[in-house]
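Novice: Next comes the sequence, and after it the predicted model I'd like to discuss.
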Amino acid sequence: MRAISRKRAPRRTATVVEKTYPAPVGGWNARDSVAAMGAADAVTLENWFPRPTAVEMRGGCWEHMRIVGTPIKTLAVYHQLDGDETMFAFSSTGIYDASFGGNSFQPEGILTARTNGKHQHVQFGDGTTNWLIAVNGVDKPWYWNGTGFVVVDAVSSPALTGVTSTDIVSVEVFKNRLLFIRNNKLGFDYLPAGVAGGAVSHFDLSSFASKGGYLMAIATWSRDAGDGPDDFAVFLTSQGQALVYQGTDPSNANAWSLVGTFQISKPLGRRCVLKYGADPIILTEEGAFPLSALLASGDERDRFAVSFKIQGAFSTAARSYGEVFGWKAISFYEQNALIINVPKAEDGAHEQYVMNTLSKAWCKFTRWHAEDFAVFNKNLYFCRGGRIYHAWTDTGDYVTAADPENGEAITYVAQQAYMDFGTSSLKKPQMLMPVMQLSRNVAFETGIDTDFTERTQTGTTTVSPSGQGQWGVSKWGSGRWASATSIQRAWGGTASWPGRWISGKLRMMSNAVSGKWIGNVMRFDVGDGL
């Protein structure tokens, strides 16, 4: 009887696969499920600024000036007709000319004594003089004309009559007319068009603001990209209503009319408005919105928010810190950056949510504990405590002239999106190789997570002096020097738990390096039948 022939089952073997993919140029995604992010997105992106083609290490900050006494709360820049600029610092002791630093970093002295540093300001021309006007709701308004200043009250020149000038807490310009906000008033004050002083009139908004509260801020909105008949004045209340008016003269019912009252979310502080082209950006508890989108109705409004991709993080921060002084948005054109200052504690921890205005990709900056920002002579500055810092410069934080080589190290942290790399099979990650273009050697750490679970990495990095990738492993929390070549590659990561989705992580700490992160190579095993 013939024996039945049995074929031996084929041996199943793992296949080693290498996949290339970009650095997280899509930026920080704090909106989507971690299982639904794009390959170029990041779960975490701190102090890495996403450019369209690479992710760049943010610059540090250099001490520009220091003031003995109370913390600086406001920076304001005066723009002269000849193009020169002057920067002022406001604290609870006084106003200082902060235009020049120097070895001593000390200003010459107080220009004007103050009792509160939290100012709102605007520049206004009355046909004869261009004024920088700063108000705080406690002290008398401060007018600067380029060479001198006036502390404004009912008998100064210019003067404000018919109002207690120390009550004025905010100021805006609409149709060549100064509009003022007073403390705890649901209405605004205004002057005749084209003048910086005179008799002040009041316009009450309480009849149309059904939720009450007080007037928080004023925005000007143009639908024709310039001054014209389509311009609107938008009055934002503390209770989240926007009253839109059109016209030229609030004292004339035929030349001033209500367009509509809109329910929005509550604005974040007095500095919630950023003039950004014809369509200002408003910071609210639900996100940062172009004004045109904020006034739109329907469930789809949120997707038009500038902050839509980081909506989860923004909303959480607004709920947690919405009452803290320091919320502000500023545009820094030299770096194509929109910066939103997020204050966690006054005179304490702050962070910034930063968007690339070209790619609309977001990241987070940490350790710039800024109370206020300003752009002065095309450079970014912020104030912290009694000091002003030139930001986004150098390679370390809080660098001083006395010790320029020992700025504080900046920590760069990123975790990229989870990816299946084109196959639903289980994969066992082996190593990650980030590809970076750096100015000098730097220690870096890599890690690999699977299936949305963060795990501790173990091992040390092995690096090729020639810049070519070699096998090695890396610990999340330690690492060795990368190659000194212009394009630096080093295998890192460690053999990790198997999973269908893989996420690479990169962490660096340095006060002496600048550079870019260009892409990655991930090496993993795909098992036949795993």
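Specialist: The structure has been received and is ready for your questions.
Novice: neighbours around the closest residue to residue 504 other than its chain neighbours, how many?
Specialist: Distance criterion CB to CB, 6 or more residues apart in numbering; nearest residue to residue 504, sequence neighbours excluded, is residue 432 at 4.5 Å. Glycine gets a C-beta too; all of them are placed from N, C-alpha and C. Residue 432 has 28 neighbours, counted by other CB atoms under 10 Å.
Novice: Checking my notes, residue 432 in a helix, right?
Specialist: No: counting by DSSP: H, G, I helix; E, B strand; the rest coil, residue 432 is located in no helix; its state is strand.
Novice: so it sits right up against residue 520, yeah?
Specialist: Yes: using CB atoms under 8 Å, residue 432 is in contact with residue 520, at 6.3 Å.
Novice: okay, and the common contacts of these two?
Specialist: Shared contacts of residue 432 and residue 520, defined by CB atoms under 8 Å, 6 or more residues apart in numbering, comprise residue 504.
Novice: Which pLDDT value belongs to the residue nearest to residue 504?
Specialist: Per-residue pLDDT puts residue 432 at 90.
Novice: change the start of the numbering to 555 and stick with it
Specialist: Sounds good: first residue 555 from here, last item residue 986.
Novice: quick one: it from residue 694, how far?
Specialist: Residue 986 is 60 Å from residue 694, where distance means CB to CB, to the nearest Å.
Novice: Show me the shaky parts of the stretch 905-1054 of the chain.
Specialist: 1009-1050 (pLDDT under 70).
Novice: Now do the helices in it.
Specialist: Secondary structure of the stretch 905-1054 of the chain by DSSP state H, counting those that start in this stretch: no helices are present.
Novice: again, but for the stretch 705-854 of the chain
Specialist: 845-848.
Novice: who are the neighbours in contact with the closest residue to residue 625 other than its chain neighbours?
Specialist: Counting by CB to CB, 6+ apart, residue 625 lies nearest to residue 939, which is 4.9 Å off, once chain neighbours are set aside. For residue 939, the contact set (CB under 8 Å, 6+ apart) comprises 625-626, 901.
Novice: again with residue 841
Specialist: Taking CB under 8 Å, 6+ apart, one finds 819, 856, 859-862, 865, 868-869 in contact with residue 841.
Novice: Can you list which of the residues you listed are found in helices?
Specialist: Counting by DSSP state H, the contacts of residue 841 place 865, 868-869 in helices.
Novice: Run a quick neighbour tally on residue 839.
Specialist: Other residues lying near residue 839 total 16 when counted by other CB under 10 Å.
Novice: how far away is it from residue 583?
Specialist: 21 Å.
Novice: If we ignore the residues flanking it in sequence, what's nearest residue 907?
Specialist: residue 894 (4.5 Å).
Novice: So what are the sheet partners of whatever helix or strand that neighbour lives in and their directions?
Specialist: According to DSSP states H and E, residue 894 maps onto strand 891-897. With DSSP bridges as the test, strand 891-897 is paired with strand 882-886 (antiparallel), strand 904-910 (antiparallel).
Novice: Name the residues of it that are buried.
Specialist: Buried positions in strand 891-897, judged by neighbour count with 16 or more other CB atoms under 10 Å: 891-897.
Novice: Over to stretch 721-730?
Specialist: For stretch 721-730, the neighbour count (16+ other CB under 10 Å) marks 721-726, 728-729 as buried.
Novice: Can you add distance to residue 826 and give the strands paired with strand 891-897 back as JSON lines?
Specialist: JSON lines is the format used below for the strands paired with strand 891-897 (distance: least, CB to CB, whole Å):
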{"stretch": "strand 882-886", "distance to residue 826": "8"}
{"stretch": "strand 904-910", "distance to residue 826": "14"}
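Novice: Looking at those strands, which is nearest to residue 598?
Specialist: Nearest of the strands paired with strand 891-897 to residue 598, taken as CB to CB: strand 904-910 at 12.7 Å.
Novice: For the closest one, which residues meet the burial criterion?
Specialist: Neighbour counts over strand 904-910 (16+ other CB under 10 Å) mark 904-910 as buried.
Novice: Same question for stretch 804-818.
Specialist: By 16+ other CB under 10 Å, the buried positions in stretch 804-818 come out as 804, 815-816, 818.
Novice: Using PDB, list the CA coordinates for it.
Specialist: Extracted C-alpha coordinates of stretch 804-818, given in PDB (Å, rounded to 0.1, in the frame of the first residue of the first chain):
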ATOM      1  CA  PRO A 804     -22.300 107.700  15.400                       C
ATOM      2  CA  SER A 805     -24.100 111.000  16.200                       C
ATOM      3  CA  ASN A 806     -26.100 111.000  13.000                       C
ATOM      4  CA  ALA A 807     -28.800 108.300  12.700                       C
ATOM      5  CA  ASN A 808     -28.700 108.800   8.900                       C
ATOM      6  CA  ALA A 809     -25.000 108.100   8.800                       C
ATOM      7  CA  TRP A 810     -24.700 105.200  11.400                       C
ATOM      8  CA  SER A 811     -26.700 102.000  11.400                       C
ATOM      9  CA  LEU A 812     -26.700  98.600  13.000                       C
ATOM     10  CA  VAL A 813     -26.000  95.800  10.500                       C
ATOM     11  CA  GLY A 814     -26.700  93.000  13.000                       C
ATOM     12  CA  THR A 815     -26.000  91.400  16.300                       C
ATOM     13  CA  PHE A 816     -24.200  88.100  16.200                       C
ATOM     14  CA  GLN A 817     -23.600  85.500  18.900                       C
ATOM     15  CA  ILE A 818     -20.000  84.400  19.100                       C
END
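Novice: neighbouring contacts of that stretch?
Specialist: 744, 755, 757, 762-764, 786, 790, 794-803, 836, 838, 843, 848-849.
Novice: Going through the residues you listed, which ones are buried?
Specialist: Buried among the contacts of stretch 804-818 by 16+ other CB under 10 Å: 744, 763, 786, 790, 794-801, 836, 838, 843, 848-849.
Novice: Would you confirm that residue 992 contacts residue 1066?
Specialist: No: in this structure, residue 992 is not within contact of residue 1066 by CB under 8 Å, at 10.4 Å.
Novice: neighbour count winner among these two?
Specialist: Between residue 992 and residue 1066, counted using other CB under 10 Å, residue 992 has the larger neighbour count: 22 against 17.
Novice: can you give me the strands in the stretch 855-1004 of the chain?
Specialist: For the stretch 855-1004 of the chain, applying DSSP state E, counting those that start in this stretch gives strands covering 882-886, 891-897, 904-910, 916-920, 926-930, 933-938, 941-947, 964-970, 981-992, 998-1004.
Novice: The fourth one versus strand 904-910: what angle between them?
Specialist: On the basis of axes from the mean of the first three to the mean of the last three CA atoms, to 10 degrees, strand 916-920 is oriented at 150 degrees to strand 904-910.
Novice: Same question for the fifth one.
Specialist: In terms of direction (the same axes, to 10 degrees), strand 926-930 departs from strand 904-910 by 50 degrees.
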